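Peer 1: No letters, just coordinates:
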């Protein structure tokens, strides 16, 4: 097939498909048993670690192989690859209910947040960055790096129940605050921040509010119109079922004109094909926060994974996950386990954390029974997704019962 023929022929997971499906043109996949056959890991394991990496589907594998096949057959397919990049942008936008031109395609949240803070001036009186104790190292390390540019970083600590209520943010935010960072779901404890309430506090002092949603997107319904944050980030490696190397950053459209990043790259230019080295001409959309060459190998599995999520529908996935989480919590109560994740109605989502006397030993003991989990701090992390079923929960509870001495 010639490059021209390939560009004209619809690919198995074509450029438009992921974008169209995330806009609501779904086929109606049903979470649970019916979808598990597309995820081979369930043939030999109980996979409960989507908070680290989503399980690999046959569809995502085929998409990665499609990239390799095209490269092998035609060499450089840049027009096709650039279109894939735009399909990813549209896919991300659909999942968070945002206009496409307000979404930047990035290689990671690290790249996105680094570009964001490069557009902020910390040399004046408004130099404070407020972060929660539950942020991923990406946000914390980038925030503290801005001390080299004059920033002061303030941490917001949890309450005794493990939650961080908006009132605690209010104590740290004032007229000196330039940026407030909160995570939609903590990778440490599974706690869900009340983003709208935090955003309201931040905006009252004139600060920008960033919600890192990597542990939520694909598992919890996210609508940037309701979240209230100014910036929302995420990526494909977890509940979006793709590979590493692909992320996004949504920015409120009204802010774009005032945010001029100094960390930039080729694909952030107003005309990437002008190939100009004569000036800095950032795109007038959120694409000004893109970087260099697109992460082509990650675009294919990323679009395919987003397609699966869109076909099932995030609200349906969220309801499915909530049922599994509640079943797990009830079983933990029967075991007398100590649960690190707050239990309020809107305080937990796909990940439940259980306190362990030796979390590494517990993860290893579960792995011996082919139950895949992970750990952070002193907690066992268990995360549910659209491919999990009640039998997975019960198998995990049986394994924890056998290893009760490793639970606090």
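Peer 2: Perfect, I can see it now. The model shown is predicted, which means the values in this text are computed figures rather than measured ones. Numbers count the residues shown, from 1 in each chain.

Peer 1: and the longest strand for the chain?
Peer 2: Identified as the longest strand of the chain according to DSSP state E is strand 177-183.

Peer 1: What are the boundaries of the strands in this structure?
Peer 2: Under DSSP E, the chain gives strands at 46-47, 103-106, 128-132, 152-156, 177-183, 208-212, 231-235, 247-251, 351-355, 371-372, 374-376, 379-383.

Peer 1: Please render those as a markdown table that adds distance to residue 192 to the earlier fields.
Peer 2: Every C-beta, even on glycine, is put in place using the N, C-alpha and C of the backbone. Below are the strands of the chain laid out as a markdown table (distance: least, Cβ to Cβ, whole Å):
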| stretch | distance to residue 192 |
| --- | --- |
| strand 46-47 | 23 |
| strand 103-106 | 23 |
| strand 128-132 | 12 |
| strand 152-156 | 15 |
| strand 177-183 | 9 |
| strand 208-212 | 11 |
| strand 231-235 | 14 |
| strand 247-251 | 19 |
| strand 351-355 | 10 |
| strand 371-372 | 23 |
| strand 374-376 | 16 |
| strand 379-383 | 13 |
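
Peer 1: Next, the contact list for residue 380, please.
Peer 2: 353-356, 359, 362-363, 373-374 (Cβ atoms under 8 Å, 6 or more residues apart in numbering).

Peer 1: Give me the residue at the spatial middle of this protein.
Peer 2: residue 214 (1.9 Å; Cα atoms, centre = their mean).

Peer 1: can you tell me how far it sits from residue 344?
Peer 2: Note on residue 214: its distance to residue 344, by Cβ to Cβ, to the nearest Å, is 22 Å.

Peer 1: rewinding a little: in space, what's closest to the residue nearest to the centre of the chain - neighbours in sequence excluded?
Peer 2: residue 234 (4.9 Å; Cβ to Cβ, 6 or more residues apart in numbering).

Peer 1: Roughly how far does the one you found sit from residue 362?
Peer 2: 29 Å.

Peer 1: go on, residue 307?
Peer 2: 35 Å.

Peer 1: just the angle between the helix ranked longest in the chain and strand 379-383, please?
Peer 2: Once the chain is assigned using DSSP state H, the helix that runs over the most residues is helix 314-335. Between the axes of helix 314-335 and strand 379-383, defined by axes from the mean of the first three to the mean of the last three Cα atoms, to 10 degrees, the angle is 140 degrees.

Peer 1: list the helices and strands helix 314-335 packs on?
Peer 2: strand 351-355, helix 390-402 (3 or more Cβ pairs under 8 Å, 6 or more residues apart in numbering; DSSP states H and E).

Peer 1: Where in the chain is the helix or strand with the lowest mean pLDDT?
Peer 2: helix 3-8 (a mean of 36; mean pLDDT, DSSP states H and E).

Peer 1: Check which residues of the longest helix of the chain are buried.
Peer 2: Of all the residues in helix 314-335, those buried under the rule 16 or more other Cβ atoms under 10 Å are 314, 316-318, 320-322, 324-325, 327-329, 331-332.

Peer 1: Tabulate those in JSON lines, adding columns for pLDDT and distance to residue 389.
Peer 2: JSON lines is the format used below for those (pLDDT from 0 to 100; distance: Cβ to Cβ, whole Å):
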{"residue": "314", "pLDDT": "97", "distance to residue 389": "19"}
{"residue": "316", "pLDDT": "97", "distance to residue 389": "15"}
{"residue": "317", "pLDDT": "98", "distance to residue 389": "13"}
{"residue": "318", "pLDDT": "98", "distance to residue 389": "16"}
{"residue": "320", "pLDDT": "98", "distance to residue 389": "9"}
{"residue": "321", "pLDDT": "98", "distance to residue 389": "11"}
{"residue": "322", "pLDDT": "98", "distance to residue 389": "14"}
{"residue": "324", "pLDDT": "98", "distance to residue 389": "8"}
{"residue": "325", "pLDDT": "98", "distance to residue 389": "13"}
{"residue": "327", "pLDDT": "98", "distance to residue 389": "10"}
{"residue": "328", "pLDDT": "98", "distance to residue 389": "12"}
{"residue": "329", "pLDDT": "98", "distance to residue 389": "17"}
{"residue": "331", "pLDDT": "98", "distance to residue 389": "14"}
{"residue": "332", "pLDDT": "98", "distance to residue 389": "18"}
